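Undergrad: this is a predicted model, with the sequence first.
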Amino acid sequence: GAGVSQSPSNKVTEKGKDVELRCDPISGHTALYWYRQSLGQGLEFLIYFQGNSAPDKSGLPSDRFSAERTGGSVSTLTIQRTQQEDSAVYLCASSPSWTGTGELFFGEGSRLTVL
Amino acid sequence: DAKTTQPNSMESNEEEPVHLPCNHSTISGTDYIHWYRQLPSQGPEYVIHGLTSNVNNRMASLAIAEDRKSSTLILHRATLRDAAVYYCILRDWGAQKLVFGQGTRLTINP
């Protein structure tokens, strides 16, 4: 596809379960970002990848959150032992450039609901 | 990251121009001014960016004050589809991430 693809689009899980969210960036984009957006709130930066490395993990809210990127392409965000406060839309974006002029292309997001 | 200040909300009428203001008095010389918008139930989308000179593209125009302490996003002829939250963001040339504020919620009246 031409755009950033995220899956699942919706996920409902029980408190304490682990979840994996997947992001398929635009082909050739070296930079990949994860954000989350709680209901009615702004976007919160989580993590950034340049290639397969993550030079900036500063936004991950706790050690229950982790992310990896393989082959400079697909990325997976994993949330262990989910809590109700993890409920949010998780947005992935990719960019052809990591510099300040690079445009970010966002996916539609994965809506996570923790019961 | 340098901070931006935007009105929480604005209203305009369909087919009229819209001027969305953004103040960034602490902008540094290497900060680019980016605008993104987020339509309901969608991820943000890029609108425009600039450094010092005014910029135009198919979506909008960006007018940057001479001292760069403020800027204005101009939608020349608003449509109902322009109803969204508009984010004004400063991003240093070398910055690896984009930091979003609360943005301006734009309502377009038919």
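TA: Looks like it arrived, so ask away. For clarity, every value in this text was computed on a predicted model and none was experimentally measured. Residues are numbered from 1 along each chain as shown, chains lettered A, B, ... in the order given.
Undergrad: report pLDDT for A:W98.
TA: A:W98 carries a pLDDT score of 69 in this model.
Undergrad: can you list the residues of chain A near chain B?
TA: Proximity of chain A to chain B (C-beta under 8 Å from any C-beta of the partner chain) is limited to residues A:4, A:31, A:33, A:35, A:42-43, A:45, A:48, A:50, A:55-56, A:91, A:93, A:98-101, A:103-109. Glycine gets a C-beta too; all of them are placed from N, C-alpha and C.
Undergrad: now which of those residues would you call buried?
TA: For the residues of chain A next to chain B, a burial check counting by 16 or more other C-beta atoms under 10 Å in any protein chain shown picks out A:4, A:31, A:33, A:35, A:43, A:45, A:48, A:50, A:56, A:91, A:93, A:98, A:100, A:103-109.
Undergrad: so of these, which ones are in helices?
TA: Among those, no residue falls in helices (DSSP state H).
Undergrad: least confident secondary structure element in chain A?
TA: The helix or strand of chain A with the poorest confidence is strand A:53-56; it has a mean of 82 (mean pLDDT, DSSP states H and E).
Undergrad: remind me what it packs against, helices and strands.
TA: Here strand A:53-56 touches strand A:44-50, going by 3 or more C-beta pairs under 8 Å, 6 or more residues apart in numbering or on different chains; DSSP states H and E.
Undergrad: parallel or antiparallel, list what pairs with the strand it packs on.
TA: strand A:31-37 (antiparallel), strand A:53-56 (antiparallel) (DSSP bridges).
Undergrad: now for the ones you listed, which one comes closest to B:T107?
TA: Among those, strand A:31-37 comes nearest to B:T107, with 19.8 Å by C-beta to C-beta.
Undergrad: what comes into contact with that closest one?
TA: Contact with strand A:31-37 is made by A:23, A:25, A:43-50, A:67, A:69, A:75, A:77, A:88-98, A:102, A:104, A:109, B:96-98, B:100, as judged by C-beta atoms under 8 Å, 6 or more residues apart in numbering or on different chains.
Undergrad: let me see the mean pLDDT of that strand.
TA: Taken as a whole, strand A:31-37 carries a mean pLDDT of 94.
Undergrad: same deal with stretch B:44-64?
TA: Rounded mean pLDDT across stretch B:44-64 is 95.
Undergrad: can you give me how far that stretch is from the chain middle?
TA: 8 Å (C-alpha atoms, centre = their mean, to the nearest Å).
Undergrad: excluding chain neighbours, what is closest to the residue in chain B that chain A sits nearest to?
TA: Chain A sits closest to B:G43 of chain B, with a gap of 3.1 Å, by C-beta to the nearest C-beta. Among residues not flanking B:G43 along the chain, A:F106 sits closest, at 3.1 Å (C-beta to C-beta, 6 or more residues apart in numbering or on different chains).
Undergrad: cool, and A:C92?
TA: Once flanking residues are discounted, A:C92 sits nearest to A:C23: 3.4 Å by C-beta to C-beta, 6+ apart.
Undergrad: so the one you found touches A:S73, yeah?
TA: No. Between A:C23 and A:S73 there is no contact under C-beta atoms under 8 Å: 9.5 Å.
Undergrad: these two - which one has more neighbours?
TA: Just comparing A:C23 and A:S73: by other C-beta atoms under 10 Å in any protein chain shown the higher neighbour count belongs to A:C23, 27 against 17.
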